[in-house]
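Student: Please find the sequence and the predicted model below.
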There are 2 protein chains.
Amino acid sequence: MTTDVEGVLTTVRERVTPSPEEQEALREAASELIDQAERALDDLSVEGEAFLVGSAARGTWIAGEQDIDLFVRFPRVLDREELEELGLEVGHAVLPDGREEWAEHPYVTGEYQGFDVDLVPCYDVDSAQDIESAVDRTPFHTAYLTERLTDDVALEVRLFKQFLQGVGIYGSNLKTQGFSGYLTELLVLEYGSAKEVVQAATDWHPPVVIDPEGHGNRSFDDPLVVIDPTDPSRNVAAVLSAENLARFQHHARQFFTDPSLDVFFPNESDSLTRAAVEERIRSRGTTPIALVFERPNRVDDELYPQLRKSLTGIRDALERRGFDVLRSASFARDRAVLLHELAVAERPRVERHMGPPVHVREHAEDFYTTYADSSAFGPFIEEDRYVVERERSFVRASEFLASDALYDVRLGPAIEERLRQEHSLLVGEEVATLASTFGKELADYFNPSP
Amino acid sequence: MTTDVEGVLTTVRERVTPSPEEQEALREAASELIDQAERALDDLSVEGEAFLVGSAARGTWIAGEQDIDLFVRFPRVLDREELEELGLEVGHAVLPDGREEWAEHPYVTGEYQGFDVDLVPCYDVDSAQDIESAVDRTPFHTAYLTERLTDDVALEVRLFKQFLQGVGIYGSNLKTQGFSGYLTELLVLEYGSAKEVVQAATDWHPPVVIDPEGHGNRSFDDPLVVIDPTDPSRNVAAVLSAENLARFQHHARQFFTDPSLDVFFPNESDSLTRAAVEERIRSRGTTPIALVFERPNRVDDELYPQLRKSLTGIRDALERRGFDVLRSASFARDRAVLLHELAVAERPRVERHMGPPVHVREHAEDFYTTYADSSAFGPFIEEDRYVVERERSFVRASEFLASDALYDVRLGPAIEERLRQEHSLLVGEEVATLASTFGKELADYFNPSP
């Protein structure tokens, strides 16, 4: 077994290590980008400094990954508006074909000699605890790691990242809610190798707390807590969801039970066709129901939290009305989808409505008076309470989602805006028409795996 | 308002007071019965004594009620078997056309000069705390009340009984679960008049504890507690259900809000026809489902608790399987019915089945192994747990009730026996065919009132 584990790891190490040519090309591109950025600073007569961060800076990128993250550090005397303006000017100077994006600041992203480059402005602060915004922290991470990452360790980081990528939980963006690069690097430093991190995870009992510098000064409610070596009050794993941690543990165990390259390099699942989706719906006997609308014009880090919030809001509202939800999912490409698969899509015209205990006189009399001459059945008494059976507002879940009551639900604001502008509602086998755009997502939905 | 209350009460008092002729006829019949019973005792050469108990003894019967309860007290040296045998012999001697029934002992019930007579054997014990069985207590109750019930109070008892009969909650048998005669008498003694009991009840906050002799020596979990003046450890109201207490409070308030003879002498509800039941089912949109079987050959006091137990058992089992029950009821005449009205009568083929948290390694691995190669969807991960969607055993509630899984449910033993012998299962509008036998019960079911 161990031989197999080692055999697989050796193969993966080879695959994830960039060739000398790739390494040289990146070094060259990075150095040119830094020169151009510093020239641009000179042209603007601003003090400042450009430098690499991220996996390119630490030598921990995976072969074939073409990402260069370049930071431009500005003096703290600039106010935020000036910083943003100058940051964009430098960005456009370096990446004339680049476009602006927005994280905490606006930044410029573009291509340079085949690399995907982000050029991000930040403040020059003295310590990671004095930061003005999250990006200001990054240089401290780079400094901490550069001291500690030998080539051997960098190779283990690559190996571990590839494991997480294979499982689909690499990335601390709010779509993925997985492991950040920095988190993978800290874990490998903590345990010594990729294999040892994965092995340790097989027996983790969340909450797992790791504090490399032994300086943590507060507690966290997260399932994995890795105290930032550069900031005692921060959990580097804060974004990681309980679900993704459980996935990691599952695949860690599977890997040692049945070592294989598949976890590192999984086959992409095939799209489902419309006919296949129809067949799934029929065989499951459920009623899927989908709200479909134009994707709001937001970056993923804003969109996905809003999709999740809307999904939960609608799910709770459906369940409160007695429409039991088996499973929910949201997808987004040019259009976005909020999908609920219902176990109960229809309820009888009458619904029970419990009143107060009869002995709570005032409430009880109000309740009785309200319903005594109504069209409801009752009031009658069960146990010590009044009960009526009254007409329900929505007999079908689809009637509820088609009504304005949808907007009483907790929805992400950008989602609500789009829904109000235009949307379609697909019910039952109509949902299969989504296969033309979301065949892959529907394949994952109907073939769920850890 | 008060005038109306008094006006109604005066009318009812007149109606419930037996005429001098009726009183005389009862006295005469009772005295003849006692003579005959004592003659029978002499013939058997047994020491013993016959005497009236109940409302006939206390002069609290309602005009037109034709019940005479006669007790025959035997010496305590007899063992139980001898008591039962002699009791029946005396009973048959006094009531040659009578038949045997069974409460705690067997006893003889029959007709005598137009009166319904129960002739019940009991032991001669020194105090109500030394009793061998519940009936031995009755003479102590009679003794306690006879001292205290003046003619005026007896009239108030009649009035109060009529109120409870009108509401349908008079009787401490296990079918009714209402107020016993003794309880109504104690309440009238406690509060002074029928009106004052009813008035007090409008503001009761259960648990209500009344202890006329101030000697109660334990606590009870019942909503109404009236400590037996002849036994400090007994709650006279133990049989009264929370539901019937709430009904009493409701009608008490209604009476003072809108005084009327109706509560004392309600109109019988009309039977529903088959067509009317069909119409109700359609308009409610529910799926009623009824198990119909021969009534077990048991007295009401055994039958009704078993029906209730079976109804709850089936209801719980339906709900555990996702078949939501809107309301349930049981009826019994020659045939018996367990009726459940379902809000959800059908579920999709797949059902969610939650596994353990992934981090609970041993359980988690067992769960994963069990389902990984099964036909279930998954396992996949939600939050920190494995989940599968597996095929459910019963897609329709009717399939469940038609299967042998019905006998895994907690059922009354006599009910289970009958169900196993023979039963029919009616689903949806088929339930309307019950109207020919249970038209009255279905009318009460579909026109529920407090």
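Tutor: Sure, I can see it. Numbering: from 1, shown residues only, chains lettered A, B, ... in the order given.

Student: how close does the closest residue to residue A:25 other than its chain neighbours get to residue A:59?
Tutor: Closest residue to residue A:25 apart from its sequence neighbours, by C-beta to C-beta, 6 or more residues apart in numbering or on different chains: residue A:113 at 7.4 Å. Every C-beta, even on glycine, is put in place using the N, C-alpha and C of the backbone. Note on residue A:113: its distance to residue A:59, by C-beta to C-beta, to the nearest Å, is 19 Å.

Student: Just want to know which of those two has more residues nearby.
Tutor: Using other C-beta atoms under 10 Å in any protein chain shown, the more surrounded residue of residue A:113 and residue A:59 is residue A:59, with 20 against 14.

Student: Give me the number of neighbouring residues for the residue nearest to the more buried one when sequence neighbours are not counted.
Tutor: Sequence neighbours aside, residue A:154 is the residue nearest to residue A:59 in space, at 4.8 Å (criterion: C-beta to C-beta, 6+ apart). Residue A:154 has 19 neighbouring residues, counting by other C-beta under 10 Å.

Student: now do residue A:202
Tutor: By other C-beta under 10 Å, 19 other residues sit near residue A:202.

Student: From residue B:404, how far off is it?
Tutor: Taking C-beta to C-beta as the measure, residue A:202 falls 43 Å from residue B:404.

Student: What of residue A:421?
Tutor: From residue A:421 to residue B:404 the distance is 56 Å (C-beta to C-beta).

Student: Give me the more crowded residue out of the two.
Tutor: Shown here are residue A:421 and residue B:404; by other C-beta under 10 Å, residue A:421 has more neighbours (10 against 7).

Student: close enough to count as contact, that one and residue A:414?
Tutor: No. Residue A:421 is beyond contact range of residue A:414, at 10.9 Å (criterion: C-beta atoms under 8 Å).

Student: list the contacts for residue A:168?
Tutor: Shown in contact with residue A:168 (C-beta atoms under 8 Å, 6 or more residues apart in numbering or on different chains): A:176, A:178, A:247.

Student: Give me the nearest residue to the first one, chain neighbours excluded.
Tutor: In other words, residue A:176. Counting by C-beta to C-beta, 6+ apart, residue A:169 is the residue found nearest to residue A:176 once chain neighbours are left out, at 6.7 Å.

Student: where in chain A is pLDDT low?
Tutor: Within chain A, the segments meeting pLDDT under 70 span A:1-3.

Student: need the strands for the stretch 151-300 of chain A, in chain order.
Tutor: With DSSP state E, counting those that start in this stretch as the definition, the stretch 151-300 of chain A shows strands at residue ranges A:208-210, A:224-228, A:231-235, A:287-294.

Student: how about those, which one is nearest chain B?
Tutor: Evaluated over the strands of the stretch 151-300 of chain A, closeness to chain B peaks at strand A:287-294, with 7.9 Å, by C-beta to the nearest C-beta.

Student: quick one: the helix or strand following that closest one to strand A:287-294, angle?
Tutor: Once the chain leaves strand A:287-294, the next helix or strand it forms, by DSSP states H and E, is helix A:300-320. Interaxial angle, helix A:300-320 versus strand A:287-294 (axes from the mean of the first three to the mean of the last three C-alpha atoms, to 10 degrees): 150 degrees.

Student: strands paired with the helix or strand just after helix A:300-320, and their directions?
Tutor: On the C-terminal side of helix A:300-320, the nearest following helix or strand under DSSP H and E is strand A:325-332. Using DSSP bridges, strand A:325-332 pairs in its sheet with strand A:335-342 (antiparallel).

Student: Toward the C-terminus from the strand it pairs with, list the very next helix or strand.
Tutor: strand A:350-357.

Student: Any residue of that next one touching chain B?
Tutor: Yes. With C-beta under 8 Å from any C-beta of the partner chain as the criterion, chain B is reached by strand A:350-357 at A:350, A:351, A:352, A:357.

Student: Tell me the buried residues in that strand?
Tutor: Residues of strand A:350-357 classed as buried by neighbour count (16 or more other C-beta atoms under 10 Å in any protein chain shown): A:350, A:351, A:352, A:353, A:355, A:356, A:357.

Student: what's the answer for stretch A:291-301, then?
Tutor: The neighbour-count check on stretch A:291-301 (16+ other C-beta under 10 Å) flags A:291, A:292, A:293, A:295, A:296, A:298 as buried.

Student: likewise stretch A:142-152?
Tutor: Of all the residues in stretch A:142-152, those buried under the rule 16+ other C-beta under 10 Å are A:142, A:144, A:145, A:149.

Student: ok, residues contacting it?
Tutor: Stretch A:142-152 is contacted by residues A:51-54, A:57-60, A:157, A:182, A:185, A:189, A:229-230 when judged by C-beta under 8 Å, 6+ apart.

Student: got the CA positions of stretch A:16-33 in PDB?
Tutor: Extracted in PDB, the C-alpha atoms of stretch A:16-33 (Å, rounded to 0.1, in the frame of the first residue of the first chain):
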ATOM      1  CA  VAL A  16       3.400  19.400 -11.100                       C
ATOM      2  CA  THR A  17       7.000  20.600 -11.200                       C
ATOM      3  CA  PRO A  18       7.500  23.300 -13.900                       C
ATOM      4  CA  SER A  19      10.200  22.600 -16.400                       C
ATOM      5  CA  PRO A  20      13.400  24.800 -16.200                       C
ATOM      6  CA  GLU A  21      12.100  26.500 -19.300                       C
ATOM      7  CA  GLU A  22       8.800  27.300 -17.700                       C
ATOM      8  CA  GLN A  23      10.500  28.600 -14.600                       C
ATOM      9  CA  GLU A  24      12.900  30.700 -16.600                       C
ATOM     10  CA  ALA A  25      10.000  32.200 -18.700                       C
ATOM     11  CA  LEU A  26       8.100  33.100 -15.600                       C
ATOM     12  CA  ARG A  27      11.100  34.700 -13.900                       C
ATOM     13  CA  GLU A  28      11.800  36.700 -17.100                       C
ATOM     14  CA  ALA A  29       8.200  37.900 -17.500                       C
ATOM     15  CA  ALA A  30       8.000  38.800 -13.900                       C
ATOM     16  CA  SER A  31      11.100  40.800 -13.900                       C
ATOM     17  CA  GLU A  32      10.100  42.700 -17.000                       C
ATOM     18  CA  LEU A  33       6.700  43.500 -15.400                       C
END
